[in-house]
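> Sequence first, then the predicted structure, then my questions.
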Amino acid sequence: MSLISSWLPYILAGIAIGGQYALIAIGYTMVYGILRLINFAHGDVFMWSGLIMVYLITVMPLWLSIICVIIFAIVLGTTIEKVAYRPLRTAPRMSIMISAIGVSYLLQNVALYITGGLTKTYPSISWLQKTVDIGPATTKMVTLITPILTIVLVVGLVMLINHTKIGMAMRAVSRDFETSSLMGIDINRVITVTFVIGCGLAAIGSVLFFSNYTGINPMSGAMPGLKAFVAAVFGGIGSVPGAVVGAFIIGICENIIKGAGWTTFSDAFTFVLLIVILMVKPTGLFGEKNIDKV
Amino acid sequence: MLAIRDLHVYYGGIHALQGIDIDVPDGQIISLIGANGAGKSTTLKSIMGLVGKRQGQVFWDNLDITSMKTKDIVKEGIILCPEGRRIFPDLTVDENIMCGAYLRKDKEEIEKDREWVYSLFPRLKERTWQLGATLSGGEQQMLAVARALMSKPKLLMLDEPSLGLAPLIIKDIFAIIQKIASEGVNIMLIEQNAKAALEISDYAYVMETGVITMAGPGKALMNDPRVQQAYLGE
């Protein structure tokens, strides 16, 4: 019993951070699924969602700021796609990848220019910071809310992908651009919807993530972005459920390592995991598999 | 009726179509035969707006569709059933079929057409929940035709529907093409299997390296010694 009560807080924190990674990882995995592009700018869209919140909260109430943050992230993400990725759609894969890296640095540097490189204080959302008791452990509301909200959003997303017309179009486009357009599917619209979903979820993730960490600077998107990317690869890039499972596993493992007293190695663990997956099972847990004929 | 006038297309740096003229009148099966690389698929892709045109026009009835977007061309009632079937492998048979109706909003009519295509291809009806990738080649071709029909086309263009299929299945597919034509859908057919194509065609064009070299009623071309020598292996 004492073992559970001493480890429970770390596991709960791990589940919470895992949920936050999951919300970012979905954006990576969906964009990869359709464009075969690793959107390196995604972590910076996440950072900008956090940064813009710092400014919005000074002029409007909390609920409105959260809505505006989500809209901002969606507009930013879809604009990046239109300006930096769409013109390169028929170019070699490497060109669009380099464009993504360029956008990532651009977003970081604009943030650096605006903030002057100083760490800004993320507004405290008192409701998320309330303490709650879960069994023998005491934790913050955000730890409880994050996994619940993540699972609700993911279930909704999986239903959208599997049971709606736009979801069907997304699955069709992800396999075959040319045939999809021959069916009358508007490829650009499907890609825009993908970025809307990915960036919207990243914005929600940013509210949960930064309200737990308080400080935000132009590099704040880099590490969570990288870890979410590893989660997407771990789960099998292109697969939404895979990214979510991968994110939870990484979040929980990191916190267990911290609980064991090896905090220094918790980041290293994630990247060692990446190397091991790429060597042992490059398609990840739920990666695209070959279908056998019946 | 579809009318192609003096169409020039460059594809991968090659002058792939060098001024071709083709008519697809209402109520007829038109076929386009020729060797690999003659420009047959390029012709269909350029009609659909997938390949840019350098010169010339494409008219659909009196509408100039030369520079229209693919989805607007589909909306006008032209559909291409692409070479190699191109079934969506991880969509179910039923979802593949519904992809064909993507632009349509008339729910009741879509439902009727779904029943109709399943009645044309009863084997697909037994497999509605199977993934596209798990079908055999012949079933995939049937699915590709069924999917195309779901757009309620006035002109159905088929690119090599017999490719890689067993003779018995080719016979089935061609019988179904004739049945579809008899229900009032115009057909434009591309085939390397010239014999099968000419047999069911009202009119046919022979294409060689980007130009039309011969044209005439299907039966007449079948008896033409040049066609026999080059395409019918006699």
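Right, received. Where do you want to start? Just so it is clear, the structure is predicted and the values come from calculations on it, not from any experiment. Residues are numbered from 1 along each chain as shown, chains lettered A, B, ... in the order given.
> ok, now which ones touch the residue of the stretch 101-250 of chain A found nearest chain B?
Ranked by C-beta to the nearest C-beta, the top residue of the stretch 101-250 of chain A for proximity to chain B is residue A:184, at 3.8 Å. For every residue, glycine as well, the C-beta is placed using N, CA and C. Residues in contact with residue A:184, defined by C-beta atoms under 8 Å, 6 or more residues apart in numbering or on different chains, are B:70-71, B:74-75, B:102-103, B:151.
> near chain A, anything from stretch B:89-107?
Yes. Shown here: stretch B:89-107 in contact with chain A (C-beta under 8 Å from any C-beta of the partner chain) through B:89-91, B:95, B:98-100, B:102-103.
> Just the CA atoms of that stretch, as CSV, please.
Below are the C-alpha coordinates for stretch B:89-107, written out as CSV (Å, rounded to 0.1, in the frame of the first residue of the first chain):
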residue,chain,number,x,y,z
PRO,B,89,-6.8,-0.3,-49.9
ASP,B,90,-7.8,0.5,-46.3
LEU,B,91,-11.3,1.6,-47.0
THR,B,92,-14.1,-1.0,-47.0
VAL,B,93,-15.8,-2.0,-50.3
ASP,B,94,-18.8,0.1,-49.2
GLU,B,95,-16.7,3.1,-48.4
ASN,B,96,-14.8,2.8,-51.7
ILE,B,97,-18.2,2.9,-53.4
MET,B,98,-19.4,5.9,-51.4
CYS,B,99,-16.2,7.8,-52.4
GLY,B,100,-17.6,7.8,-55.9
ALA,B,101,-20.6,9.7,-54.7
TYR,B,102,-18.4,12.2,-52.8
LEU,B,103,-19.7,15.3,-54.5
ARG,B,104,-23.4,14.3,-54.6
LYS,B,105,-25.9,15.6,-52.0
ASP,B,106,-29.1,13.8,-53.1
LYS,B,107,-29.1,11.2,-50.4
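> biggest helix in the chain by residues?
If you meant another chain, say so; for now it's chain A. For chain A, the longest helix by residue count, based on DSSP state H, is helix A:2-35.
> To clarify, I was referring to chain B.
Counting by DSSP H, the longest helix found in chain B is helix B:167-182.
> Would you mind writing the CA trace of that helix as CSV?
What follows is helix B:167-182, C-alpha atoms only, in CSV (Å, rounded to 0.1, in the frame of the first residue of the first chain):
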residue,chain,number,x,y,z
PRO,B,167,-9.9,-14.0,-69.9
LEU,B,168,-13.2,-15.2,-68.3
ILE,B,169,-13.3,-12.1,-66.0
ILE,B,170,-12.4,-9.8,-69.0
LYS,B,171,-15.5,-11.2,-70.7
ASP,B,172,-17.6,-10.4,-67.6
ILE,B,173,-16.3,-6.8,-67.4
PHE,B,174,-16.9,-6.1,-71.0
ALA,B,175,-20.5,-7.5,-70.8
ILE,B,176,-21.0,-5.1,-67.9
ILE,B,177,-19.6,-2.2,-69.8
GLN,B,178,-22.1,-2.9,-72.6
LYS,B,179,-24.9,-3.1,-70.0
ILE,B,180,-23.9,0.2,-68.6
ALA,B,181,-23.8,1.8,-72.0
SER,B,182,-27.3,0.4,-72.7
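> In that helix, which of the residues would be classed as buried?
B:169-170, B:172-174, B:176-177, B:180-181 (16 or more other C-beta atoms under 10 Å in any protein chain shown).
> Next up, the contacts around residue 214.
Here I'm looking at chain A. Residue A:214 neighbours (C-beta under 8 Å, 6+ apart): A:121-122, A:124.
> not what I meant, chain B
B:205-206, B:221, B:224, B:226-227.
> for residue 58, helix, strand, or coil?
Just going to use chain A. At residue A:58 the chain is in coil, as set by DSSP: H, G, I helix; E, B strand; the rest coil.
> should've been chain B
With three-state DSSP as the basis, residue B:58 sits in strand.
> Looking at the contacts of residue A:184, spot the one nearest residue B:133.
residue B:102 (20.1 Å; C-beta to C-beta).
> so the closest one touches residue A:165, yeah?
Yes. Here residue B:102 reaches residue A:165: they are 7.3 Å apart, a contact under C-beta atoms under 8 Å.
> quick revisit: arrange the contacts of residue A:184 in JSON lines, one row each, with distance to residue A:141 and secondary structure as further columns.
Formatted as JSON lines, the contacts of residue A:184 follow (distance: C-beta to C-beta, whole Å; DSSP: H, G, I helix; E, B strand; the rest coil):
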{"residue": "B:70", "distance to residue A:141": "50", "secondary structure": "helix"}
{"residue": "B:71", "distance to residue A:141": "47", "secondary structure": "helix"}
{"residue": "B:74", "distance to residue A:141": "51", "secondary structure": "helix"}
{"residue": "B:75", "distance to residue A:141": "51", "secondary structure": "helix"}
{"residue": "B:102", "distance to residue A:141": "44", "secondary structure": "coil"}
{"residue": "B:103", "distance to residue A:141": "46", "secondary structure": "coil"}
{"residue": "B:151", "distance to residue A:141": "51", "secondary structure": "coil"}
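> Could you identify the buried members of the residues you listed?
The neighbour-count test (16+ other C-beta under 10 Å) marks B:70-71, B:74, B:102, B:151 as buried among those.
> need the contact list for residue A:187.
When contacts are counted by C-beta under 8 Å, 6+ apart, residue A:187 touches A:173, A:177, A:180-181.
> could the contacts of residue A:184 be laid out in CSV, adding pLDDT and distance to residue A:200?
CSV is the format used below for the contacts of residue A:184 (pLDDT from 0 to 100; distance: C-beta to C-beta, whole Å):
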residue, pLDDT, distance to residue A:200
B:70, 94, 29
B:71, 94, 26
B:74, 95, 30
B:75, 94, 30
B:102, 95, 24
B:103, 94, 26
B:151, 95, 32
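> in chain B, which segments are predicted with low confidence?
B:234 (pLDDT under 70).
> which parts of it sit against chain A?
Checking chain B against chain A by C-beta under 8 Å from any C-beta, the hits are B:48, B:50, B:70-71, B:74-75, B:79-80, B:82, B:86, B:88-91, B:95, B:98-100, B:102-103, B:130-131, B:133-136, B:147, B:151.
> mind running it again at 7 Å?
B:48, B:50, B:70-71, B:74-75, B:80, B:82, B:86, B:88-91, B:95, B:98-100, B:102-103, B:130-131, B:133-134, B:151 (C-beta under 7 Å from any C-beta of the partner chain).
> Of those, just the buried ones, PyMOL syntax please.
Typed into PyMOL, the line below selects the buried ones among the residues of chain B next to chain A, using 16+ other C-beta under 10 Å:
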select buried, chain B and resi 48+50+70+71+74+80+82+86+88+89+90+91+95+98+99+100+102+130+131+133+134+151
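> Give the bridge partners for the residue nearest the centre of chain B, please.
Computing the C-alpha centroid of chain B and ranking residues by C-alpha atoms, centre = their mean puts residue B:158 first, at 1.6 Å. Following DSSP bridges, residue B:158 is listed with bridge partners residue B:81, residue B:189.
> mind checking how far it is from chain A?
Residue B:158 is 12 Å from chain A, where distance means C-beta to the nearest C-beta, to the nearest Å.
> Repeat that for residue B:25.
Residue B:25 is 24 Å from chain A, by C-beta to the nearest C-beta.
> can I assume that residue is in contact with residue B:1?
Yes. With contacts counted by C-beta atoms under 7 Å, residue B:25 reaches residue B:1, the gap being 5.0 Å.
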